[in-house]
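Student: Whatever this is, show me its structure:
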Amino acid sequence: MAMHLQLGVQPTSLAARRQAAPVASLSTRSAVARVRTVRVQLKKRGDANVARFKDNDKDLPEAERKVKDATGVPVPYPSVVSPESVPTAATTGAMQPPTPQESQAPDPAFINRRYLVFAGIVIGYTTFYLTRGSLTYSAPLMVADPSLGFNLTHIGMMTSIFPMAYGVSKFLAGVVSTAVSARLLLGLGLMATAAVNLAFGASSSLSIFCVLWGINGMLQGVGAPACANILTRWFAAKERGTYWGMWNIAHNLGGFLAPVIVGGCAKAFGWRWGMWAPGLIGCVIGLLILAAVRDKPTDLGFPPVDAPAAAAAPAQDAKPKSGGGNMMTALSSVVKLPSIWALAFTYFFIYVVRQGVTSWLVFYLMAEKGAADAGSAALTVSGLELGGLAGSTVAGFLSDKAIRGAKAGSGLVGKRIKVVMAYTVGMAVALAGLQAAPAEAKPLQWLAIAALGFTIYGPQMLIGLAGAELVSPGAVGASQGILGWIAYLGAANAGIPLANIVQNYGWSGFFTSLWGACGVALLLLATVANAQSFGQRQEAAAKQAA
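Tutor: Model prediction:
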């Protein structure tokens with residue numbers, strides 16, 4: 001139970017303080033009496049907090065001697081004027097030293113430059129998605145090109161290599177980003193993946209295609225950690241979540257623009273321009289990022305957005321202190337959690353559906369739904385990313401609402417998992433709706449695909465968040481690495497395996513496989529439907545030890 005003590009206005013002169021001392025002393029004795037009365041009441045009720053009110057009052061005078069007035073000047077004991085409450089965050093806020101940003105008005109030059117940096121990382125990561133999705137929307141025309149002689153299996157080989165390379169790069173990029181300029185990593189990384197697209201468009205050999213697309217997968221992993229480093233340095237903790245959420249739109253914006261730009265260019269000028277167009281755009285955007293973006297405000301003479309002491313404390317708590325030993329300890333603590341593996345393999349099957357949908361829907365619409373060509377099919381598939389944008393936003397809101405309404409003792413991570421389960425059921429329903437949509441009902445097909453995006457991207461976001469909440473702050477990186485690696489193994493299985501299923505069992509076999517993936521995901525999620533967060537488990541262990 002918290003006691004609240006509100007500081008009054010202190011006499012400024014020594015004589016005035018001595019004159020006020022008897023009154024303050026009476027108030028202090030009254031406050032002590034009240035504390036003892038409350039302590040007795042807590043003992044009778046068996047409240048767990050009674051340990052904080054032991055009969056030993058030896059620390060009370062010391063605490064009183066340390067009380068300061070509103071100016072920060074120590075006040076000699078006795079200093080308490082009003083015993084009604086102890087300082088709260090609201091009453092002591094004026095006593096905290098102001099941060100550089102609070103002590104002065106925002107610098108317009110800083111605000112303008114920060115918006116420029118933010119626009120740079122949003123546009124930059126959106127362009128990463130263009131260079132990532134170029135093969136998906138150029139592939140149908142590659143199959144139709146008689147000079148290549150490709151079939152679905154050849155395309156599946158390339159699309160299977162990419163996620164495996166990307167999964168490895170997610171581990172490596174996080175390490176590299178701690179030692180390399182985030183601006184250089186983002187700008188040069190984007191230009192490198194753009195160059196791969198240009199080289200891909202100029203090639204005609206399957207082996208070269210596979211090598212280039214594997215390199216592209218390795219390069220794609222540098223985008224997210226570079227953007228994360230820039231975001232945390234340009235935006236203070238109190239506003240970072242808002243801007244992080246807005247930056248996340250780049251995922252869906254890039255996914256939405258890829259079928260429009262790549263599919264449109266491939267339809268108008270041939271599949272090679274489906275690769276060259278995002279490559280040229282990537283080169284230009286990469287140069288703009290190098291010119292406009294900076295790693296941190298101090299690079300341009302602006303003060304840091306967070307006070308050094310405030311920024312250092314959470315950083316020390318959130319990562320291992322030093323050395324590879326601590327890293328291995330964090331990794332060991334993660335791999336020992338059965339709930340992490342349940343989420344990881346759930347991610348595997350969710351990514352089978354996600355990659356299966358993004359890689360093969362264009363072919364399905366052309367073969368089964370009467371799409372005239374790859375360009376028109378790509379426009380229908382554009383609903384996937386718009387639905388995903390809404391789905392991830394709503395999923396976060398619903399899971400937060402479920403946690404706020406949770407009963408005491410219920411697993412908070414489990415609340416998010418139940419939202420994922422509901423989304424997974426919706427995913428299966430959306431797949432059925434797409435299959436049942438008539439070939440002439442193009443708007444209905446678009447809505448079914450948008451519903452698929454809604455139900456796919458919600459679980460994709462929440463599973464990662466749940467994995468972070470299951471482990472200690474220092475092990476979050478390890479948990480995300482395991483989840484990401486297993487997820488992209490699932491994405492790899494949406495390449496050749498699904499291609500073989502389509503060729504041997506038709507598109508009905510394709511949909512049956514995706515429904516099976518949804519079913520297995522639900523079974524795995526049921527095992528963690530009541531999972532508690534790391535903080536809850538720590539609190540329960542402390543109570544048990546007491």
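
Student: did I read that right, residue 435 in a helix?
Tutor: Yes: per DSSP: H, G, I helix; E, B strand; the rest coil, residue 435 lies within a helix segment.

Student: Can you tell me the closest non-neighbouring residue to it?
Tutor: Spatial nearest neighbour of residue 435, excluding adjacent residues (Cβ to Cβ, 6 or more residues apart in numbering): residue 511 at 5.3 Å. In short, each C-beta sits where N, CA and C put it, glycine included.

Student: Okay, buried residues for the helix or strand containing that neighbour please.
Tutor: Assessed by DSSP states H and E, residue 511 sits inside helix 496-526. Residues of helix 496-526 classed as buried by neighbour count (16 or more other Cβ atoms under 10 Å): 496, 498-499, 501-502, 507, 510-511, 513-515, 517-518, 521-522, 524-525.

Student: just checking, next helix/strand downstream of that helix?
Tutor: Next along the chain after helix 496-526, taking DSSP H and E as the criterion, comes helix 534-545.

Student: For this protein, give me the ranges with low pLDDT.
Tutor: Along the chain, segments meeting pLDDT under 70 span 1-106, 171, 174-179, 232, 236-245, 306-328, 330, 473-478.

Student: mind checking the longest helix of it?
Tutor: Across the chain, the longest stretch assigned as helix under DSSP state H is helix 108-144.

Student: how about residue 148, phi and psi?
Tutor: Main-chain dihedrals, residue 148, degrees, to the nearest 10: phi -90, psi -40.

Student: Is it in contact with residue 204, as I believe?
Tutor: Yes: with contact taken as Cβ atoms under 8 Å, residue 148 and residue 204 are classed as touching, separated by 6.5 Å.

Student: When those two are compared, which one has more neighbours?
Tutor: Shown here are residue 148 and residue 204; by other Cβ atoms under 10 Å, residue 148 has more neighbours (16 against 11).

Student: ok, residue 362 to residue 229 distance?
Tutor: Counting by Cβ to Cβ, to the nearest Å, the separation of residue 362 from residue 229 is 35 Å.

Student: Straight-line length of stretch 373-387, end to end?
Tutor: Start-to-end span of stretch 373-387 (Cα to Cα, to the nearest Å) is 23 Å.

Student: Need the residues that contact it.
Tutor: Here stretch 373-387 makes contact (Cβ atoms under 8 Å, 6 or more residues apart in numbering) with 137, 140-141, 251-256, 259-260, 262-264, 266-268, 357-358, 361-362, 365-366, 369, 371, 442, 445-447, 449-454, 456-457.

Student: which residues sit in contact with residue 527?
Tutor: Per Cβ under 8 Å, 6+ apart, neighbours of residue 527: 338, 339, 342.

Student: Torsion angles phi and psi at it?
Tutor: Here is the backbone geometry of residue 527 (degrees, to the nearest 10): phi -70, psi -20.

Student: go on, residue 529?
Tutor: phi -70, psi -20.

Student: Equivalent analysis for residue 411, please.
Tutor: Backbone torsions for residue 411, taken as degrees, to the nearest 10, come to phi -70, psi 120.

Student: Please report the distance of it from residue 466.
Tutor: Distance of residue 411 to residue 466, computed by Cβ to Cβ: 10 Å.

Student: any common contacting residues for these two?
Tutor: The contact sets of residue 411 and residue 466 overlap at residue 531 (Cβ under 8 Å, 6+ apart).

Student: between these two, which one's more packed in?
Tutor: Using other Cβ under 10 Å as the criterion, residue 411 and residue 466 rank with residue 466 on top: 29 against 20.

Student: element containing the more buried one, please.
Tutor: Assigned by DSSP H and E, residue 466 belongs to helix 442-470.

Student: Tell me the helix or strand right after that helix.
Tutor: That would be, after helix 442-470 and using DSSP H and E, helix 476-492.

Student: How much space separates the closest residue to residue 154 other than its chain neighbours from residue 140?
Tutor: In space, and not counting its chain neighbours, residue 154 is closest to residue 206: 5.9 Å by Cβ to Cβ, 6+ apart. Per Cβ to Cβ, residue 206 is found 17 Å from residue 140.

Student: the more surrounded of these two?
Tutor: More crowded of residue 206 and residue 140, by other Cβ under 10 Å: residue 140, with 26 against 15.

Student: quick one, what contacts that one?
Tutor: Here residue 140 is in contact with 362, 363, 366, 373, 374, 377 (criterion: Cβ under 8 Å, 6+ apart).

Student: Who wins on neighbours among the residues you listed?
Tutor: Top of those by neighbour count (other Cβ under 10 Å): residue 374, with 29 neighbours.

Student: Look up the closest residue to it, ignoring the ones flanking it.
Tutor: residue 140 (3.8 Å).

Student: Can you classify residue 371 by secondary structure?
Tutor: Using three-state DSSP, the structure places residue 371 in coil.

Student: Let me know how buried it is, in neighbour terms.
Tutor: 24.

Student: any idea how far it lies from residue 108?
Tutor: 51 Å.

Student: Residue 534 too?
Tutor: Distance from residue 534 to residue 108, by Cβ to Cβ: 42 Å.

Student: Kindly report the same for residue 488.
Tutor: The gap separating residue 488 from residue 108 is 43 Å, by Cβ to Cβ.

Student: Much appreciated, bye for now.
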